Each structure stands twice: as C-alpha cells, then as structure tokens.
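Visitor: sequence first, then the predicted structure:
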Amino acid sequence: MGRTLARWACLGAAALAAVLACMSEGSDDNYTADGHGWPDVRSDGSADASSEGSPDRVGADADADGDARADSSWESWDPDSSPDGGADDGTAAESAADTWEAYEASPEAVEDVPDVGDSVLLDVCAPVIEEPQVYYLSADDSNSQASPVIARWLIRSGNLVPASLVRTWEFLNYYDVRYDFPARGHVNVVPQLLDLPGDDGRVAFQIGVQGHEQTDETRRRLSLTLSLDTSGSMAGTPLEYEKAVVRALASSLRFGDTVSVVTWNDSRTVALDSHPVSGPDDATLLAVADALVSGGRTNLDAGLDLAYELAVANRRPGTLNRVVLISDGQANVGVTSPPLIARHAEGAEEDGIYLVGVGTGNGYDDTLMDTVTDLGKGAYVFIDSTAEARRQFVDHFYANMELAVADVRVELTLPPQLRMQEFHGEEISTDPEEVDPQHLAPNDAMIFHQYLYRCPGLADEDPIRVVAEYTSLQTHARQTDAVDTSLEALQAGSRMQLYKGNAIVVYAEGLKSIYDLLRYSGYAAARAECDRVRAEVRTAADILDDQELDDILLLMTSYCADLSSRREP
C-alpha cells in the first residue's frame with residue numbers, strides 16, 4: 001500500500017521526488033506490483049523473483065491425500081493441486097533440509113552485481129537544497145506484526161527467510177520500544193539520534209509516538225465478534241492455535257463485554273450471538289473453542305461477511321467494537337480475491353468497527369490477510385505457538401484491541417544539509433495527501449526509524465521539528481503534539497530506545513541482505529553478513545540487557561549456524 005524507502009540503490013538523490021521516481025524502476029527486494037512478491041527458489045535451484053499471480057504461502061501445504069507437502073523449493077502454492085479439506089499437520093520443520101538443498105543445487109553465484117554502497121554515500125549530498133525538507137510519515141500498519149513471527153518460525157524450522165516476507169516496520173511494531181506515557185488524549189513525541197560507526201556522516205534517527213497507558217479499571221466495554229475458519233486446511237496445529245487465541249481472548253474479557261462467534265468453512269454457523277460474558281474465562285465461550293473441528297473448503301469472504309453483519313447489528317454506543325478474523329487465509333470457494341474480500345473491512349470504520357486479523361497455518365496466505373487488515377485499520381498478527389497467542393491477546397490485549405488516538409500522521413522537518421537516506425516505515429511523502437494516517441493504541445508506540453546523512457554545511461544548532469497530528473477520540477477534533485529540537489540537543493539526549501530500534505532494524509534488514517547475498521553472491525558473503533548482524537545485535541543486547549534482543553540474538557545464532565553448516569554449491 002505504501003512506498004518503502006529502504007535498501008534502494010538509487011537513494012543517492014535526497015529530493016524525495018527523485019527517490020520515488022528511482023523506486024519505480026525496480027527493487028532489490030523483488031516486490032511484485034502488489035508489494036508482496038516472493039522470490040522463489042525453484043526445485044532445480046534457479047531463482048524466480050516474480051511469482052506472478054501467486055499468493056504468498058508459508059511452509060508446507062496439504063496435498064490431495066491430506067499429507068503434508070514440504071514446500072522445499074519455496075515454489076508458489078498451486079490451488080489446483082491442493083484442494084481444501086486435506087490435513088495441514090504442522091510439519092514445516094521437516095522441510096528444512098530440502099530448503100537448504102535447493103540452494104546447494106543452485107548454479108554458481110552471479111558475479112556481476114555492482115556494489116553501489118559508495119556511490120550512494122557520495123551522491124546523497126549532490127542535489128543543492130536550500131530550504132528545509134518536510135516529510136510526512138505514516139506507520140500505516142501500526143499494529144501489524146506478522147512478519148517477524150513468520151521469520152522466527154522459519155528460522156526455528158531450519159528454513160530460509162525470503163527477503164520479500166520481511167517488512168521492517170512490522171518488526172518495529174512487534175518488539176516493545178516504549179517511551180513515557182502521555183496524558184490521556186495526547187501522544188508523547190520523542191525524536192532521538194545516534195551517530196553510526198565509521199566516519200561517513202551517517203546517523204540513525206528515530207521518532208517514537210507513544211500512546212497513553214490503559215488499565216483494566218479504565219477500559220471500555222467490548223463488543224467482540226469472532227470469525228473462525230474451520231475448513232480442512234486448519235486441521236492440526238492451525239486449529240489448536242485458533243483455539244488458543246479464543247481462550248486467550250476469553251481470559252481477557254470481563255463482565256459487561258459481549259461476544260459473537262461465526263464458524264465457517266464452505267458453510268456458515270452462528271455459534272454465539274451477542275452473548276454476555278460472565279467474566280474472564282467465560283464457560284460458554286470456552287466450550288465453543290473446545291468444540292471447534294476442521295473440515296470442508298474455505299469460503300473466507302462469506303465468513304467475514306456474516307461476522308460484520310453481526311458486528312453492525314450488535315454494536316453499542318460507547319463500546320469498543322472489534323471483529324477478529326482467525327484463518328490461514330486459503331480462500332478457495334466463493335470470492336477469493338484479496339481486495340474483494342477486504343471490502344468488508346474497508347467500509348466498517350464508519351460504523352466504528354475495526355478488524356484484527358490473526359493468521360496461522362503452514363500454508364498461510366500472507367498477502368490476503370495483510371490486505372484485509374490493512375483496510376480494516378487493525379492489528380495483523382501471526383500465531384506460531386500457544387505462548388504467542390497469550391502474548392498477543394493477554395499481555396498485549398489493549399495494544400491490539402483498543403484505540404488511544406485516531407489517524408496519526410507525523411510531519412518531519414529537517415535542515416537542508418541533513419538528508420534522508422533510508423526510511424524503514426511503510427509510507428513517506430512530501431505530499432501529506434499521499435500518506436494514509438493510522439490509529440495508535442494505548443500501551444503502544446509508533447516507531448519511525450530512518451538513516452540520515454550529514455552533508456557539508458550542517459550546523460549543530462540547525463533546527464529539527466517533529467509534529468504528530470491526530471484525531472482525539474474525546475473531542476473528534478484534529479490536534480497536534482510537537483517537539484522542536486536541534487542536532488546538538490539530540491546528541492546530548494537519551495538514546496536507549498534508539499539503541500533497541502536500531503538493533504531491530506539491523507536484524508530485519510540483515511535478514512533481507514542474507515537472502516539476497518545467498519542468491520547472488522554465495523554462502524561466504526551470506527555468512528559474513530549474518531555474523532555482522534549477530535555482532536551488532538549482541539552489542540545492543542549487552543548495552544540494554546533486554547530479553548527481546550537476547551531472543552533475537554539466539555535466532556541469529558541459529559540462523560548463522562545453519563549457514564555455516566552448508567557447503568558452497
């Protein structure tokens with residue numbers, strides 16, 4: 001949906017118009033026109049960056065006999081070869097060896113890929129700019145967090161992480177980067193700056209926009225509508241994770257909340273209609289979770305349509321209204337086009353109904369779920385364990401279900417000689433109309449991370465201004481919170497959140513680089529990049545003593561070990 005200004009060879013131009021024009025010429029991430037292309041590694045070892053017309057699928061799908069089919073070559077899933085109704089038994093880890101073998105059987109690495117890093121740094125200051133540069137930023141998918149969980153699941157399963165599945169802004173959404181809480185109805189805007197190692201003028205710059213603190217005592221009543229996929233492809237661990245999500249939500253509900261449940265495959269059933277819950281762990285809702293069974297084909301459009309019908313009929317003034325869709329996204333009956341299915345979510349915001357998309361399953365369709373939740377302006381998560389279900393819907397219940405302020409958009413004004421080099425969010429433009437505002441939840445922060453470049457003539461006292469514009473839920477008026485600062489003030493300020501944010505970006509962007517280097521330059525280059533990323537994450541983890549960074553370090557250690565155990569083709 002947005003334009004990602006990261007890792008483009010043409011980022012030497014500082015003027016954003018030049019950057020966007022350069023972007024239209026292509027991407028080293030091999031994104032297709034819809035932004036979700038998956039570079040395939042075919043069974044013969046050849047690379048196919050287009051995957052034209054195919055959805056993003058993760059892991060192993062079920063074949064016609066109901067057995068797990070290892071997607072060892074990362075080939076696009078063929079709906080004709082895997083009719084729904086077979087069992088998806090969660091054996092993705094068994095495909096690890098085949099995945100690596102696809103690389104070991106590949107032809108010799110491409111040798112003529114140019115190294116453009118030096119020219120980027122030399123060219124970034126070339127355009128003459130005399131006026132301050134004003135950019136408009138949006139987190140867009142402010143609560144979307146599926147990408148890092150999918151990446152973690154792939155690494156733990158011994159698989160490669162395709163670059164096109166790494167959405168860096170979702171990594172910044174997923175991991176906790178917290179700032180001081182503002183007063184209710186406001187946001188806390190915190191810019192931070194850090195000189196990067198070396199003497200080339202690059203700095204990391206991060207803006208945090210923090211929502212207010214939400215507690216059980218002050219939360220609104222909730223009208224919850226669950227849309228539960230019970231088709232055949234949900235058999236096995238996907239269905240168990242779906243039940244785990246329902247149980248986690250049940251534990252977070254309280255007296256006064258209501259819940260409706262639609263279960264669907266190629267037919268639809270209303271299991272509960274505006275059921276008043278008795279409190280946490282309501283017995284009736286838990287019984288619905290326990291009774292879920294899989295079978296039949298996947299009419300996701302019809303299931304989501306009925307869920308929205310119930311949500312509209314049951315909405316109450318002053319109540320938080322949420323539809324939670326839990327599915328592997330493998331729509332194969334009725335309407336199957338992601339944009340058409342997403343139309344249900346697109347218009348519901350006018351009724352005060354927001355969508356939370358929950359993905360699970362080894363044949364998971366990332367494109368469909370991302371599209372639907374993008375238009376529904378709600379959280380988008382992937383569940384790879386029962387622990388993850390509790391993390392998202394118990395520990396982070398308010399961050400995924402509530403609203404602090406609406407339609408947040410950040411305006412960043414930089415001095416002419418401090419140039420934007422890489423932006424790691426989803427949307428950036430010099431035209432505010434080109435950037436879609438996004439909602440911010442309580443107990444949560446939007447993180448805008450970018451690399452800037454100091455050009456000759458930059459003075460320490462040059463002003464930097466950051467403005468967060470948003471809609472108050474209390475007054476429904478547009479209002480702003482702003483910070484005026486300078487390079488000198490930022491260099492003297494706290495950097496703790498930036499240390500973590502930068503490590504997260506290094507991890508996400510490093511996963512992309514490792515995949516690309518493995519495809520184009522071979523194992524030695526990929527191993528060296530993996531070691532570099534691991535070292536940078538370790539440094540930040542040591543400084544912050546942060547459990548999440550320790551977890552990332554363990555993942556990178558495992559990923560580097562897998563690379564080191566493989567031989568050059």
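Guide: Okay, I see it.

Visitor: below-threshold pLDDT in the stretch 151-300 of the chain: ranges please.
Guide: Flagging of the stretch 151-300 of the chain using pLDDT under 70 yields the residue ranges 199.

Visitor: need the strands for it, in chain order.
Guide: For the stretch 151-300 of the chain, applying DSSP state E, counting those that start in this stretch gives strands covering 188-195, 202-210, 222-229, 258-264, 268-276.

Visitor: of those strands, which is nearest Ala528?
Guide: Closest approach to Ala528 among the strands of the stretch 151-300 of the chain is made by strand 202-210 (20.1 Å; CB to CB). C-betas here are computed from N, CA, C, even on glycine.

Visitor: strand partners of the closest one, parallel vs antiparallel please.
Guide: Applying DSSP bridges to the sheet, strand 202-210 is found paired with strand 188-195 (antiparallel), strand 445-454 (antiparallel).

Visitor: that older thread, out of the strands of the stretch 151-300 of the chain, indicate the one that is most buried.
Guide: Sort these by mean neighbour count, taking mean count of other CB atoms under 10 Å, and strand 222-229 sits at the top with a mean of 26.

Visitor: can you tell me the helix or strand for Pro456?
Guide: Assigned by DSSP states H and E, Pro456 belongs to no helix or strand.

Visitor: that one against Gln417, yeah?
Guide: Yes - using CB atoms under 8 Å, Pro456 is in contact with Gln417, at 6.9 Å.

Visitor: same list (the strands paired with strand 202-210) but as TSV, adding distance to Gly303.
Guide: Rendered in TSV, the data for the strands paired with strand 202-210 read as follows (distance: least, CB to CB, whole Å):
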stretch	distance to Gly303
strand 188-195	39
strand 445-454	31
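
Visitor: of all the ones you listed, which lies closest to Ala524?
Guide: strand 445-454 (26.1 Å).

Visitor: so how far is the helix or strand following that closest one off the chain centroid?
Guide: Once the chain leaves strand 445-454, the next helix or strand it forms, by DSSP H and E, is strand 463-471. Remark: strand 463-471 is offset 24 Å from the chain centroid, using CA atoms, centre = their mean, to the nearest Å.

Visitor: sorry, back to before: got JSON lines for the strands of the stretch 151-300 of the chain, with distance to Arg567 too?
Guide: Below are the strands of the stretch 151-300 of the chain laid out as JSON lines (distance: least, CB to CB, whole Å):
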{"stretch": "strand 188-195", "distance to Arg567": "39"}
{"stretch": "strand 202-210", "distance to Arg567": "35"}
{"stretch": "strand 222-229", "distance to Arg567": "41"}
{"stretch": "strand 258-264", "distance to Arg567": "48"}
{"stretch": "strand 268-276", "distance to Arg567": "52"}
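
Visitor: I'd like to know which of those lies nearest to Asn502.
Guide: Nearest to Asn502 among the strands of the stretch 151-300 of the chain is strand 202-210 (4.8 Å), distances taken as CB to CB.

Visitor: ok now the closest one, how far from the chain's centre?
Guide: How far strand 202-210 lies from its chain's middle: 18 Å, per CA atoms, centre = their mean.

Visitor: in the stretch 451-569 of the chain, where is pLDDT below threshold?
Guide: Ranges of the stretch 451-569 of the chain meeting pLDDT under 70: 568-569.

Visitor: and if we set it to 50?
Guide: Within the stretch 451-569 of the chain, no stretch has pLDDT under 50.

Visitor: what ranges do the strands span in it?
Guide: Applying DSSP E, counting those that start in this stretch to the stretch 451-569 of the chain gives strands spanning 463-471, 478-486.

Visitor: ok now stretch 512-525, how far from the chain's centre?
Guide: 23 Å.

Visitor: list residues touching both of Pro456 and Gln417?
Guide: When contacts are counted by CB atoms under 8 Å, 6 or more residues apart in numbering, Pro456 and Gln417 are jointly contacted by Cys125.

Visitor: which one of the strands of the stretch 451-569 of the chain is the most hemmed in?
Guide: Across those, averaging neighbours per residue (mean count of other CB under 10 Å) puts strand 463-471 on top, at a mean of 20.

Visitor: which residues make contact with that one from outside it?
Guide: Counting by CB under 8 Å, 6+ apart, 132, 187, 189, 191, 207, 209, 405-415, 418, 437, 440, 477-487, 490 sit against strand 463-471.

Visitor: repeat that with 6 Å
Guide: By CB atoms under 6 Å, 6 or more residues apart in numbering, the list of residues contacting strand 463-471 from outside reads 187, 189, 191, 207, 209, 405-413, 478, 480-486.

Visitor: what of stretch 549-569?
Guide: Contacts to stretch 549-569, defined as CB under 6 Å, 6+ apart, come from residues 100, 104, 106, 155, 503, 507, 523, 526-527, 530, 533-534, 537-538, 540-541.

Visitor: care to break the protein down by domain?
Guide: Listed by automatic domain parsing, the domain ranges of the chain are 133-212+404-498, 216-401, 510-564.

Visitor: as JSON lines, the ones you listed with distance to Cys125 would be great.
Guide: What follows is the domains of the chain, written out as JSON lines (distance: least, CB to CB, whole Å):
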{"stretch": "domain 133-212+404-498", "distance to Cys125": "4"}
{"stretch": "domain 216-401", "distance to Cys125": "35"}
{"stretch": "domain 510-564", "distance to Cys125": "24"}
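
Visitor: is Val405 in contact with Pro442, as I believe?
Guide: No - using CB atoms under 6 Å, Val405 is not in contact with Pro442; the gap is 9.2 Å.

Visitor: the more surrounded of the two?
Guide: Taking other CB atoms under 10 Å, Val405 and Pro442 do not tie; Val405 has more neighbours (26 against 21).

Visitor: center of the chain, which residue is that?
Guide: Compute the mean C-alpha point of the chain, and by CA atoms, centre = their mean the closest residue is Glu170, 2.9 Å away.

Visitor: once you drop chain neighbours, what's closest to that one?
Guide: Distances taken as CB to CB, 6 or more residues apart in numbering place Ser147 nearest to Glu170, at 3.9 Å, with adjacent residues excluded.

Visitor: mind checking how far the one you found is from Val312?
Guide: To Val312, Ser147 is 31 Å away according to CB to CB, to the nearest Å.

Visitor: the two: who's more crowded?
Guide: Neighbours were counted for Ser147 and for Val312 using other CB under 10 Å; Ser147 has more, 25 against 15.

Visitor: sorry, back to before: which one of the strands of the stretch 451-569 of the chain lies closest to Leu368?
Guide: Once the strands of the stretch 451-569 of the chain are compared by CB to CB, strand 463-471 is nearest, at 29.0 Å.

Visitor: direction included, what does that closest one pair against?
Guide: Counting by DSSP bridges, the strands paired with strand 463-471 are strand 405-414 (antiparallel), strand 478-486 (antiparallel).

Visitor: dump these into TSV; add distance to Ala291 as well.
Guide: Output for the strands paired with strand 463-471, formatted as TSV (distance: least, CB to CB, whole Å):
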stretch	distance to Ala291
strand 405-414	37
strand 478-486	47
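
Visitor: next, count neighbours for Ser472.
Guide: Other residues near Ser472 number 15, with proximity taken as other CB under 10 Å.

Visitor: picking that back up, distance check, the residue nearest to the centre of the chain against Ser227.
Guide: Distance from Glu170 to Ser227, counting by CB to CB: 22 Å.

Visitor: for Thr230, give me phi and psi.
Guide: Thr230 has phi and psi values of phi -120, psi 30 when expressed as degrees, to the nearest 10.

Visitor: number of residues surrounding it?
Guide: Neighbours around Thr230, by other CB under 10 Å: 23.

Visitor: for the helix or strand hosting Gly357, packing partners?
Guide: If you go by DSSP H and E, Gly357 is part of strand 353-359. When contacts are defined as 3 or more CB pairs under 6 Å, 6 or more residues apart in numbering; DSSP states H and E, strand 353-359 packs onto strand 320-327, helix 366-376, strand 380-382.
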